[in-house]
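S.K.: Give me a model of this one.
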Amino acid sequence: MAVTTIELQPGFADKVLAAQSTFRTVMEAMARPGQVMAVDDEVGHPPSMMVGVAAVALTLLDQDTPVWLDDAFASASDVGAWLKFHTGAPIVARPDAASFALVAAPAALPDLSVFALGTAEYPDRSTTLIMQVPSLAAGESFRLRGPGIDGTTALTASLAPADLFARLSINQALFPRGIDVILVDDRSLVAIPRTTRLAASGV
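M.R.: Got it, this is the predicted structure:
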């Protein structure tokens, strides 16, 4: 049976104030790569979507920002309907046509080259990945360095795919083009902008 508007989960409890608050959180995360930030606003969300992903989607997506869904999100009938109802964002089949990509099962993340990487004239016309991950509080320890980081900073996280940081190393050769990533664990999020260089601790 098709999902109806009545069956859809709500969005923000306070649409304007919550969107402003989440936007500030995302901007702070981008300015401070590797630092764990918290989404505190009340937000409804489809069962397969973490609170943080829902909040970021409600804040950043609109009718002018095409979004790509991985197979896990695309196969959940309520996710597409929820996004269309609350944001109006067009859902596209091609990753390279998307401004944002929502990834529920990062272990199955396709090669990053399939996403929009920006152009020399418009490096900002790239896909931002918003990925659900197992944990941003426990797991392997990684060192980050780059703009917004004083020397180095440590990120402890359980990530999928296991080679995510190796894949993101393409950003160094592509700069100023490249992929920006927001990692989400429930209400916690961490930004990995294209300018951040990543390496496992001890490397």
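S.K.: elements contacting the longest helix along the chain?
M.R.: Assignment by DSSP state H gives helix 15-31 as the longest helix of the chain. In terms of contacts (3 or more CB pairs under 8 Å, 6 or more residues apart in numbering; DSSP states H and E), helix 15-31 is packed against strand 37-38, helix 51-60, strand 180-185, strand 188-192. C-beta here means a position set from N, CA and C on the backbone, and glycine is covered the same way.
S.K.: angle of that helix against strand 188-192?
M.R.: The directions of helix 15-31 and strand 188-192 differ by 50 degrees, with axes from the mean of the first three to the mean of the last three CA atoms, to 10 degrees as the criterion.
S.K.: which residues touch helix 15-31?
M.R.: Defining contact as CB atoms under 8 Å, 6 or more residues apart in numbering, one finds that helix 15-31 is touched by 12, 35, 37-43, 55-56, 58-60, 148, 180, 182, 189-191, 193.
S.K.: What segments of this protein are strands?
M.R.: Secondary structure of the chain (DSSP state E): strands at 37-38, 67-69, 100-103, 128-132, 135-145, 153-158, 180-185, 188-192, 197-200.
S.K.: Using CSV, please lay out those together with mean neighbour count.
M.R.: Below are the strands of the chain laid out as CSV (neighbours: other CB atoms under 10 Å):
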stretch, mean neighbour count
strand 37-38, 16
strand 67-69, 24
strand 100-103, 24
strand 128-132, 24
strand 135-145, 16
strand 153-158, 17
strand 180-185, 24
strand 188-192, 24
strand 197-200, 16
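S.K.: I'd like the ones you listed as TSV, with distance to residue 170 and mean pLDDT appended.
M.R.: What follows is those, written out as TSV (distance: least, CB to CB, whole Å; pLDDT from 0 to 100):
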stretch	distance to residue 170	mean pLDDT
strand 37-38	25	96
strand 67-69	18	98
strand 100-103	15	98
strand 128-132	13	98
strand 135-145	16	93
strand 153-158	19	94
strand 180-185	12	98
strand 188-192	13	97
strand 197-200	11	68
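S.K.: so where's the protein shaky on pLDDT?
M.R.: The chain contains residues with pLDDT under 70 at 1-6, 199-203.
S.K.: so how far is the longest helix of the chain from its chain's centroid?
M.R.: Relative to the chain's own centre, helix 15-31 is displaced by 14 Å; criterion: CA atoms, centre = their mean, to the nearest Å.
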